[in-house]
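Fold the following and give me the result.
(chains A and B)
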Protein chains: 2
Amino acid sequence: MSNISISTLVQSKNVIIQDEFWSPYISLIRDVVVPYQWEALNDRIEGNEPSHAIQNFRIAAGLEQGDFYGMVFQDSDVAKWLEAVGYLLEQMPDPDLEKVADEVVDLIAKAQHADGYVNTYFTLKETAGRWTNLAECHELYCAGHLIEAAVAYEKATGKSKILDVACKLADCIDATFGPEDGKIKGYDGHQEVELALMKLYRATSNDRYMKLAKFFLDERGQSPHFYDLEFDRRNGETHFQALKIAKDKSYSQAHIPIRMQQTAEGHAVRVVYMCTGMADVAAATGDEELLKACRALWHNIVNKRMYITGSIGSMSYGESFTLDYDLPNDTAYAETCASIGLIFFAQRMLQIEPRSEYADVMERALYNTVIGGMSRDGQHFFYVNPLEAWPDASGKNRNFDHVKMERQRWFGCACCPPNIARLLASLGSYIYSFHGHALYAHLYIGSQVMVEVDGSTVRLTQHSELPWNGNIRFELMMDGPKVFSLALRIPSWCESWNVRVNGQPVVESDMRLFNGYLHLEREWNAGDIVDLLLPMNVSPMKGNPEIRETVGMVAIQRGPMVYCLEEADNGRGLHKLIIRPGFEDQVSFDESLLGGLLTIDLTAYRIQDEGWKDRLYRMNAEDHLEATTARFIPYFAWANRGSGEMRVWIRENTVLPS
Amino acid sequence: MSNISISTLVQSKNVIIQDEFWSPYISLIRDVVVPYQWEALNDRIEGNEPSHAIQNFRIAAGLEQGDFYGMVFQDSDVAKWLEAVGYLLEQMPDPDLEKVADEVVDLIAKAQHADGYVNTYFTLKETAGRWTNLAECHELYCAGHLIEAAVAYEKATGKSKILDVACKLADCIDATFGPEDGKIKGYDGHQEVELALMKLYRATSNDRYMKLAKFFLDERGQSPHFYDLEFDRRNGETHFQALKIAKDKSYSQAHIPIRMQQTAEGHAVRVVYMCTGMADVAAATGDEELLKACRALWHNIVNKRMYITGSIGSMSYGESFTLDYDLPNDTAYAETCASIGLIFFAQRMLQIEPRSEYADVMERALYNTVIGGMSRDGQHFFYVNPLEAWPDASGKNRNFDHVKMERQRWFGCACCPPNIARLLASLGSYIYSFHGHALYAHLYIGSQVMVEVDGSTVRLTQHSELPWNGNIRFELMMDGPKVFSLALRIPSWCESWNVRVNGQPVVESDMRLFNGYLHLEREWNAGDIVDLLLPMNVSPMKGNPEIRETVGMVAIQRGPMVYCLEEADNGRGLHKLIIRPGFEDQVSFDESLLGGLLTIDLTAYRIQDEGWKDRLYRMNAEDHLEATTARFIPYFAWANRGSGEMRVWIRENTVLPS
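Numbers count the residues shown, from 1 in each chain, chains lettered A, B, ... in the order given. Below is the predicted model of the structure:
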């Protein structure tokens, strides 16, 4: 018997976000990003690379003539948009938006084949190629996104049409793949259908979907290798020449069976999508071995291969992980989507075992990379999120070709913008969970949540001053007294905390710190107020000494926010700045800066160029240092003031033994 | 009228090297490298990538049937080998070697077309392609190497056959290219023929060759652009797809006319070969404007874009320069051939204006990158010479794909090994020059030199304890008293010096320091002895603060040698070492280490991993430091003890104002 117990999901529709920092983001998604992306999907934005994604569906649906255009996974952009719309409609009705979305649903339904198959690329372009190149062609990946969209949209609107399409598609896949004779024993190069099938399973309770997800996961990396078999069957034809995807098995995490994988290898987004599906299956089936594999990969990612901004993927080639402690700041890939996938993975692990390390990483990725991936106007996006930028080198040192100095409007491969949209539109589902008889607060985001405790409703209102201050208040509303535990995460960024219930300090015996959560277990009454104070200090963060790129340096963090230096505040040559351990800091909130940002000023020194004119190297040269102030702004807000240098890590003088 | 006066060349046959450090290298070239390369050129070395270079000539000569194999510039390997043989024979007769070389000469002569054209690729493979793709196909480059070989071999043996071949080839080129109507107004993508034609001009006094060299140089980068014209003529066919050579004009330094070029752009070897030819033409024609362009490019290379090891080319893509102060240590390209070309350039500039900065760079490149490019056994070579190596990342972080952790036997593109051979075989010609009435000693290498002063011979014997000690002695032999200046370079690596003539200090009025040379002008007598002492200290070198990759670090240099840390001496994690300004050092000579090396031990500290297990980032963490000793060996000797970490730059604590 398994010991895995999973938390009750707190449905996003039961969470309403009311937060000074996050509400504007969600409005931005509703008012700007989703409409903007709709225009982009319809190729109505001048100067953008064409998307053609809606047009592909129209042609596949027989409504128009024409050819497929775009990436093999172009369909997924439409699905991610529809999924985001689902989350938005769940929170707030919007008949106009729903009408547009219903039309998209109709379109997808029309593009569906009689046997349930949906994929415009293989419907229009490679008509004989269906299921011949799983390694490269994202067929199941696209199916997965469609399924995710369907589950979200049906839940929001109660309209079953798209869920029916999804079930028909999943049934088609189930009829094609599986261990039974005559079925394909294969799996997609890009994991996604696994976690989607688990959503469909939860939405429909049809356990064929869960079994199919498990099949895909367990088939991965088995011998004889499916990618070799299908490669030979299609006489070595490949879709993406450069990457050798079919042969470089670790690119798709297919080098060994997933239960044996101890390190995160290959394409970063695929790793975390896979892990999300693994955790889903482990939770649903009580599969301890699978959970162990999840923990091993989690451990390797967050303790060996993650940037301090919660981003992952050190290398542009293959958008990939490389090796432990290889975390270059300037050539980082650090894809926005990979951090989003890491949040999915963290959320699933939190549901299985509420340990604050999962929520800490979720918070780190969310407050830094994810929102850093979008401009403050919601119309420009980073795919790659470096921790150091040197605009002068752009176009000159080709190792930086993938790094953009300013956010771009829409991408030819446009995975990140709609991924940000669907994550932020569903942010409510990442804040709370209910496990055992404890209501967990994982993130401190102002919100109202309703949960069922012993058959009646408890309404919890959270007020939070994050990310700028650590004052949080919870108010409880319920019909009558109720015994349960309120479990409040103590984030890794605070070294102490203070808690009061109804203004009174809580006695030691009434609380318990367990796995990073402060459990307040008691009989709660309507109107009870809990005040949590998490002191927020300017903290110099050090990297593990094994990391070559951070040794001798510190990154400045305050609360969940990682800070950075920008040329706009500090001039050029940010690498010339050095700080002293035990620096003095001054924190101030600048209302006028990019919609309001907290800035941090540190006493620092700057190496002077004096004596260096026209010389590269000098013997016994002493550094000339000038006292200065280094101004830091939150990392997520970088590159909103034109192209300029940026860096997260600043040199710190080492205290040598005397 | 031009003010350019150039030095009398001190012919390499008039210089005999007798030096504890360098003589073994020259023996190695004679006894191992040249014979080994002969075997390689004939594909008789098992496990090597095939060369086929001799075979190509045999087929082109009609002696065998078969197809061309290899790079489009494969012929140049044979030429570089023959050139090295010429230098060796000039110093010491070797009838067996000469017989083999004569056969190669016969072979080349047989492969020459009636009109003088020689090139096995276009003779055998692309028979209709002659002169259709100058941008990419190295036709004139190969011709240049053949001409260089011919000049060297004729000078050594007095046999005119190969020089006749070369002149016929040069005449063929002269009939094809030039400003006259009906001739091609083009130039090779890879500069080389320019400097070669200048050698041929000096050997034959035929000024058509000089004019042709000048034509090629001045035509470069003019509009309408020749590479566009020939690209269109061949309907856009390209030879090397990836690099877009024909369109990326700066790759071949053809983006603007050469006299306007202020920065070193594109392929590093091409830049310095071009500059060598430019300096040759400037010297021969007194072209001040051209000399100014040489100085501008020299200045940009050595003061903005050169590694401390005298290597150049920061980027693998295009084997190229990038931008000022972009000098990454780990992804450096730093090709051996580029440093050899830099030495050529320096030598030409020294002949025009004896300034020690040229000889300083020549010495830096020679003692570090060039000999570092070859293993101590003479059979293994580096093409790429990084300043930091991390073997664990090999094959995992693909940005290091070009960096090898151990020297390789022979390369598919085998430019570097024969280039080292020809440079070291002609090392004698880099030590001295005679300018005005001054005999200059540019390098301190034990040797005898004979020069003509006012019609009679002066014989100078140099004894040198470099690179390990700075004691140098000169002995003069001549028929009678002679007034001239002995100009001794004061290297950039010593801050003081001491000189004695016949044991007596030289009075101030008898010497003059000018442009980095100490001029001793007097009446010299037979038997006069000059002792020069150049104190050699362990010097911490700093990089210009603009260099991101060296800020906060020092490199250890002693005399001409740059030192490095290796894993073999210091364990793994070399980046964890830090030194204090004003360290204590201990220098010792280890006879048994790789044929005898001076090692340097510094007091240092190492960051400990204590408290870091399974954590990537920590708040307010103090470094745990352990006192240790950091052992340095000369950079050139790295990677002779198996694969391991290496780094040149070590972290140094900054002294902050109190």
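
Flag every residue of the stretch 551-658 of chain A that's near chain B.
Proximity of the stretch 551-658 of chain A to chain B, by C-beta under 8 Å from any C-beta of the partner chain, involves residues A:551-552, A:555, A:557, A:573, A:575-576, A:578, A:580-581, A:605, A:607-609, A:612, A:614-623, A:625, A:627, A:651, A:653-657. All C-beta spots, glycine's among them, are computed from the backbone N, C-alpha and C.

Go through those residues and flag which are in strands.
Here DSSP state E is the test, and these give A:555, A:557, A:578, A:605, A:607, A:617, A:618, A:619, A:625, A:627, A:651 as lying in strands.

number of nearby residues for the first one?
Number of residues near residue A:555 (other C-beta atoms under 10 Å in any protein chain shown) recorded here: 26.

hey, what's it bridged with?
Per DSSP bridges, the residues bridged to residue A:555 are residue A:541, residue A:649.

pLDDT value on whichever residue of the stretch 1-150 of chain A sits closest to chain B, please?
Closest contact between the stretch 1-150 of chain A and chain B, by C-beta to the nearest C-beta, is at residue A:136 (19.0 Å). On pLDDT, residue A:136 comes in at 95.

tell me which element it is part of?
Residue A:136 belongs to helix A:134-137 when assigned by DSSP states H and E.

Tell me the first helix or strand C-terminal of that helix.
Using DSSP H and E, the helix or strand that follows helix A:134-137 in sequence is helix A:139-157.

name the helices or strands packed onto that next one?
Helix A:139-157 sits against helix A:75-91, helix A:95-111, helix A:161-176, helix A:193-204, with contacts defined as 3 or more C-beta pairs under 8 Å, 6 or more residues apart in numbering or on different chains; DSSP states H and E.

Try it again at 10 Å.
Judged by 3 or more C-beta pairs under 10 Å, 6 or more residues apart in numbering or on different chains; DSSP states H and E, the packing partners of helix A:139-157 are helix A:75-91, helix A:95-111, helix A:120-124, helix A:161-176, helix A:193-204, helix A:207-219, helix A:268-285, helix A:416-425.

pLDDT averaged over that helix - what is it?
98.

Please put the alpha-carbon coordinates of that helix into PDB.
Taking Å, rounded to 0.1, in the frame of the first residue of the first chain, the C-alpha atoms of helix A:139-157 are listed here in PDB:
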ATOM      1  CA  GLU A 139       1.700  15.600 -32.300                       C
ATOM      2  CA  LEU A 140       1.000  14.400 -28.800                       C
ATOM      3  CA  TYR A 141       2.300  17.700 -27.400                       C
ATOM      4  CA  CYS A 142      -0.300  19.600 -29.400                       C
ATOM      5  CA  ALA A 143      -2.900  17.200 -28.300                       C
ATOM      6  CA  GLY A 144      -1.900  17.700 -24.700                       C
ATOM      7  CA  HIS A 145      -2.400  21.500 -25.000                       C
ATOM      8  CA  LEU A 146      -5.800  21.000 -26.600                       C
ATOM      9  CA  ILE A 147      -6.800  18.800 -23.700                       C
ATOM     10  CA  GLU A 148      -5.600  21.300 -21.100                       C
ATOM     11  CA  ALA A 149      -7.600  24.000 -22.900                       C
ATOM     12  CA  ALA A 150     -10.600  21.800 -23.000                       C
ATOM     13  CA  VAL A 151     -10.600  21.000 -19.300                       C
ATOM     14  CA  ALA A 152     -10.100  24.700 -18.400                       C
ATOM     15  CA  TYR A 153     -12.800  25.900 -20.800                       C
ATOM     16  CA  GLU A 154     -15.400  23.400 -19.800                       C
ATOM     17  CA  LYS A 155     -14.800  24.000 -16.100                       C
ATOM     18  CA  ALA A 156     -15.200  27.800 -16.600                       C
ATOM     19  CA  THR A 157     -18.200  27.700 -18.900                       C
END
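
Residue A:342 contacts residue A:309, doesn't it?
No - between residue A:342 and residue A:309 there is no contact under C-beta atoms under 10 Å: 11.2 Å.

Which residues are in contact with each of these two?
A:364, A:365, A:369, A:370 (C-beta atoms under 10 Å, 6 or more residues apart in numbering or on different chains).
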